[in-house]
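K.L.:
Give me the fold of what follows.
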Amino acid sequence: MIILKSPREIEEMKQAGQIVADCYREVSKVIAPGITTLEINDFVARHITKLGGRQFTKGYNGFPAETCISINDVVAHGIPSSRVVMDGDLLKLDIVAEYGGWFGDSCMSYAVGNIGPEAQKLMQVTKECLDLGIARAIPGARLGDITSAIQQHAEANGYSVVRDLLAHGIGRSLHEEPSYVHIGTAGKGVRLKEGMVFTIEPMINEGTYRITIDDDEWTARTADGKLSAQYEHTIAVTADGPLILTAQ
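P.N.:
Just a heads-up that it's a prediction; the model follows:
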């Protein structure tokens, strides 16, 4: 069942989203060659607490850290560690925060140091996929309008869209309905209504859309070892158009 949020509830959700957004504004100042992924994780965890939020990721279904940090061929759910971030890495940082019983969820990709042109293009197209999807999050549209725009733009640029990891509704739970993949057909799928709040989070790969899971049962990688990028926002469907609750 899809849980619709009132305008007041959406404003409350925005407070959680803005904690996430502020984390990105601050952590972007320290992401550089030489820092470890665990140091990035700990920085974000402290900042969530500083802003009055609550971290939720650590312990969720057994996940061992406060953020997911995925580098290069890691698509999602990378576990922070002593791994040193290197010049040229493509780093994805996924942050979830809870505030007042509501959740905010977002992911950003970062070019660390001197990143190659192939990675730069992948990041650019992935961000464009997100923007195209967000623009279609309006009352009366279909979920397929969002997913088809993402799929068409990615594939037109020679990339693929991950199909085994889902976007999701969000509210007082991190994962609500609808759950969906970022491929589809325009005019098909769930009809969007005012008050729907969900993530749009395309994961775009240089090569195959297929992924593998490491022995840690979390880390998802591209099956061919090629690069992957991701951008994500929490979006509310309103009469005035899409509202990005995690906008920076």
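
K.L.:
ends of stretch 137-147, how far apart?
P.N.:
End-to-end span of stretch 137-147 (CA to CA, to the nearest Å): 10 Å.

K.L.:
Stretch 158-177 now?
P.N.:
31 Å.

K.L.:
Pull out the buried residues from that stretch.
P.N.:
Judged by neighbour count using 16 or more other CB atoms under 10 Å, the buried positions of stretch 158-177 are 159-162, 167-171, 174-176. In short, each C-beta sits where N, CA and C put it, glycine included.

K.L.:
and it, average pLDDT?
P.N.:
Taken as a whole, stretch 158-177 has a mean pLDDT of 98.

K.L.:
strand partners of the lowest-mean-pLDDT helix or strand in the chain, parallel vs antiparallel please.
P.N.:
Using mean pLDDT, DSSP states H and E, the weakest-scoring helix or strand in the chain turns out to be strand 54-55, at a mean of 96. Sheet pairing for strand 54-55, assigned by DSSP bridges, gives strand 90-99 (antiparallel).

K.L.:
quick one: buried residues of the strand it pairs with?
P.N.:
Going by neighbour count (16+ other CB under 10 Å), the buried part of strand 90-99 is 90-99.

K.L.:
where's that strand relative to the chain centroid, distance-wise?
P.N.:
7 Å (CA atoms, centre = their mean, to the nearest Å).

K.L.:
give me the low-pLDDT residue ranges for this structure?
P.N.:
Within the chain, no stretch falls below the threshold (pLDDT under 70).

K.L.:
got the contact list for residue 141?
P.N.:
191-192 (CB atoms under 8 Å, 6 or more residues apart in numbering).

K.L.:
any idea how far residue 234 is from it?
P.N.:
Distance, residue 141 to residue 234, by CB to CB, to the nearest Å: 18 Å.

K.L.:
Kindly report the same for residue 128.
P.N.:
19 Å.

K.L.:
These two: which has the busier surroundings?
P.N.:
residue 234 (29 against 18; other CB atoms under 10 Å).

K.L.:
Where does that one sit: helix, strand or coil?
P.N.:
Of the three states, residue 234 takes strand under DSSP: H, G, I helix; E, B strand; the rest coil.

K.L.:
thought it was touching residue 246?
P.N.:
Yes. The pair residue 234 / residue 246 is scored as a contact, 4.7 Å apart, by CB atoms under 8 Å.

K.L.:
where do the contact lists of those two overlap?
P.N.:
By CB under 8 Å, 6+ apart, the residues touching both residue 234 and residue 246 are 17, 20, 104-106.

K.L.:
Mind putting those into JSON lines with distance to residue 40?
P.N.:
Listed next are the shared contacts of residue 234 and residue 246 as JSON lines, based on distance: CB to CB, whole Å:
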{"residue": "17", "distance to residue 40": "20"}
{"residue": "20", "distance to residue 40": "15"}
{"residue": "104", "distance to residue 40": "18"}
{"residue": "105", "distance to residue 40": "17"}
{"residue": "106", "distance to residue 40": "15"}
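
K.L.:
out of these, which are inside helices?
P.N.:
Within those, residues falling in helices by DSSP state H are 17, 20.

K.L.:
Most neighbours of all the shared contacts of residue 234 and residue 246, which one?
P.N.:
Neighbour counts for the shared contacts of residue 234 and residue 246 (other CB under 10 Å) peak at residue 20, which has 31 neighbours.

K.L.:
where along this protein do the helices fall?
P.N.:
With DSSP H, the ranges of helices along the chain come out as 7-27, 37-50, 117-135, 143-156.
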